[in-house]
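# Need coordinates for the following:
(one chain, ligands or ions: 1)
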Amino acid sequence: MHKQQLIDTAHALVADDKGLLAMDESTPTCHKRFDKLGIPQTEEYRFAYRELIATTPGLSDSISGAILYDETIRQSTSDGIPIVNVLQNSGIIPGIKVDAGAKDLAGHPGEKVTEGLDGLRDRLAEYSQLGARFAKWRAVITIGPGLPTPGCYAANAHALARYAALCQEAGLVPIVEPEVLMNGDHSLARCFQVTEDALRAVFRQLYLQRVLLEGMILKPNMVVPGLDCPIQESVEEVAAATIECFQHSVPAAVPGVAFLSGGQSSELASARLNAMNVKYQSQVPWALSFSFARAIQQPAMELWAGKGENTKAAQKALYHRARCNREARRGEYDPQIDAVDAP
Ligand code: 13P
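Model (predicted):
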C-alpha cells in the first residue's frame with residue numbers, strides 16, 4: 001500500500017485551514033440545478049460552468065482540493081489546457097467522484113444503496129493516470145417512519161469500505177461520505193441517533209476491509225433537525241450535537257472531517273462550521289473542514305445564469321464563499337461581514 005503517500009495527501013487536503021470544493025455533480029443533478037435557473041442543459045454549458053469554477057482567480061487561497069465528475073476530468077479549457085492541469089498549477093489537488101449513484105435497495109422500499117464497485121479497480125487506475133489524487137463515494141441514508149433499516153446501514157457501509165480499500169490500493173485517498181439526508185420532519189435527536197449508527201456501521205466495515213484510517217477523509221452530514229421539523233436548534237446547539245455525535249463514533253486516527261452542506265443555505269453552513277471550530281477544535285483530534293458543493297457554488301451559479309458576461313461576477317461570488325468557509329475553519333467567520341462583502 002502507498003501508506004505515506006496516502007497520509008501525505010489526506011493531510012494536504014485539510015492543511016492550512018483550506019477545504020474541498022465538490023464540483024462533481026452528475027449530469028442529471030447538474031441539469032436539475034441549471035433548469036431552476038433557466039440555464040440550457042447542454043454539454044457546452046456544463047463545460048462553461050466548470051471552466052468558470054476551475055479558472056476562478058485565487059480559488060486556491062481557500063480550496064485545497066476539487067472533486068471532479070468523469071466528464072470534467074477529461075476536459076481542457078478553451079486554451080487547450082486540461083482542467084486537471086489548471087487546478088494543479090494553481091495548487092489545488094484534483095479528485096474524482098467514482099460512485100455510480102444511489103439506486104433503490106431491493107427489498108427496502110424508500111431506501112438506496114450506492115452502486116459502482118464493479119470495474120472500480122480499473123477505473124481508479126485510469127483516474128490516477130489522469131491526475132486524480134483522491135476520490136469520493138456518497139452513500140445516502142433516509143430518515144422516515146421505520147427508516148433507516150439495518151439492511152440499509154449494512155449495505156451502504158460495506159460498499160463504502162470496499163470502495164475505500166480499492167482507492168487506497170490505487171494510491172488515492174478515499175473521501176468516505178455517508179450522508180444522512182435532511183429531508184423530513186425528524187428532530188435533531190433523531191438525526192443524532194441515525195448519524196451515530198451510520199458512522200459506527202461505516203467504521204466497523206472500514207476496519208474489516210483494512211482501510212488505513214490515517215489515509216482517508218470522512219465527509220459526513222452535520223447533526224441537524226429535519227428541514228420540516230418545527231423546532232430548529234441554534235447554530236451553537238447544532239455544533240454541540242455534531243461534535244458529541246462524532247466523539248462517540250469517529251476514531252481519532254482520521255485526520256479530517258470535511259462536512260457536506262446537504263441543502264443548508266450557504267450562510268448557515270458557514271456559521272455552523274464556524275461554531276464548531278470556535279468552541280471545539282482544540283478538543284477534537286480531527287480537522288473540522290468542509291467539502292461543500294451547493295454551499296459554495298449556489299450564489300455563483302445564480303449570478304452566472306449561463307451568460308458569459310456574468311463570468312467575472314460569478315467567480316467573485318465563488319471566491320467569496322470559499323473564503324468565508326476558510327474563515328469558518330479558523331473560527332473567524334462573521335455573518336455580518338459576509339453579508340456586506342458578498343458580491
Ligand atoms: P452539498 O454540499 O451540496 O451537499 O454536496 C456535497 C457533495 O459532494 C455531495 O456528494
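
# Any idea which residue is closest to the centre of the chain?
Taking CA atoms, centre = their mean, the centroid of the chain lies closest to S291, which sits 3.6 Å from it.

# Which element is encountered next along the chain beyond the helix or strand encompassing A189?
Under the criterion of DSSP states H and E, A189 resides in helix 188-208. Sequence order places strand 217-218 as the next helix or strand after helix 188-208, per DSSP H and E.

# list the contacts for C245?
Contact analysis of C245 by CB atoms under 8 Å, 6 or more residues apart in numbering lists F192, T195, E196, L199, V223. Where C-beta positions appear, they are placed from N, C-alpha and C, glycine not excepted.

# what do you get for V14?
Taking CB under 8 Å, 6+ apart, we find V14 in contact with S64, I217, P255, G256, A258, A287, S289.

# How about P285?
If you count contacts by CB under 8 Å, 6+ apart, then P285 has A252, V254 around it.

# Contacts only, for the residue of the stretch 101-250 of the chain found nearest the ligand.
Proximity of the stretch 101-250 of the chain to the ligand (CB to the nearest ligand atom) peaks at R138, 4.0 Å away. R138 sits next to K97, D99, A102, T114, E177, E179, K219 when contact means CB under 8 Å, 6+ apart.

# Might you specify the subset of those residues located within helices?
Of the positions in these, not one sits in helices, assigned by DSSP state H.

# to the chain's geometric centre, what's the distance from stretch 19-36?
Distance of stretch 19-36 from the chain centroid (CA atoms, centre = their mean, to the nearest Å) equals 12 Å.

# now for the contacts of V14, which pair is the farthest apart?
S64 and P255 (12.3 Å; CB to CB).

# Which helix or strand contains the nearest residue to C229 once chain neighbours are set aside?
Leaving aside its sequence neighbours, C229 sits nearest to D185 (CB to CB, 6 or more residues apart in numbering; 5.0 Å). If you go by DSSP H and E, D185 is not part of any helix or strand.

# What residues sit buried inside stretch 147-161?
Within stretch 147-161, the residues that qualify as buried are L147, P148, T149, C152, Y153, A155, N156, A157, H158, A159, L160, A161, counting by 16 or more other CB atoms under 10 Å.

# try stretch 242-251
T242, I243, C245, F246, S249, V250.

# secondary structure class for the fourth one?
Same thing as F246. The three-state label given to F246 by DSSP: H, G, I helix; E, B strand; the rest coil is helix.

# unless I'm mixing things up, it is touching P220, no?
Yes. Using CB atoms under 8 Å, F246 is in contact with P220, at 7.5 Å.

# Show me whatever sits in contact with both of those two.
Both F246 and P220 are in contact with L199, V257, where contact means CB under 8 Å, 6+ apart.

# tell me which parts of the stretch 151-300 of the chain are close to the ligand?
By CB under 6 Å from any ligand atom, the part of the stretch 151-300 of the chain that sits against the ligand consists of E177, L260, S261, G262, F292, A293, R294, A295.

# can you list the residues you listed in a markdown table and add pLDDT and secondary structure?
Putting these into a markdown table (pLDDT from 0 to 100; DSSP: H, G, I helix; E, B strand; the rest coil) gives the following:
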| residue | pLDDT | secondary structure |
| --- | --- | --- |
| E177 | 99 | strand |
| L260 | 98 | coil |
| S261 | 98 | coil |
| G262 | 98 | coil |
| F292 | 98 | strand |
| A293 | 98 | coil |
| R294 | 98 | helix |
| A295 | 98 | helix |
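
# Throw the residues you listed into JSON lines and include distance to A165 and neighbour count, thanks.
What follows is those, written out as JSON lines (distance: CB to CB, whole Å; neighbours: other CB atoms under 10 Å):
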{"residue": "E177", "distance to A165": "16", "neighbour count": "24"}
{"residue": "L260", "distance to A165": "22", "neighbour count": "24"}
{"residue": "S261", "distance to A165": "27", "neighbour count": "26"}
{"residue": "G262", "distance to A165": "26", "neighbour count": "20"}
{"residue": "F292", "distance to A165": "26", "neighbour count": "26"}
{"residue": "A293", "distance to A165": "25", "neighbour count": "19"}
{"residue": "R294", "distance to A165": "29", "neighbour count": "19"}
{"residue": "A295", "distance to A165": "30", "neighbour count": "26"}
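
# Can you tell me which of the contacts of C245 is closest to L37?
For the contacts of C245, the residue nearest L37 by CB to CB is V223; the value is 30.6 Å.

# before we move on, what SS does that closest one have?
Here V223 takes the coil state, with states given by three-state DSSP.

# what about it, how many residues close to it?
27 (other CB atoms under 10 Å).

# Can you list phi and psi of it for me?
phi -90, psi 110 (degrees, to the nearest 10).

# which residues in the stretch 1-150 of the chain form strands?
For the stretch 1-150 of the chain, strands defined by DSSP state E, counting those that start in this stretch occupy the ranges 19-22, 63-68, 93-97, 102-104, 112-114, 134-141.

# among the ones you listed, which is the most enclosed?
Counting by mean count of other CB atoms under 10 Å, strand 19-22 has the highest mean neighbour count of those, with a mean of 29.
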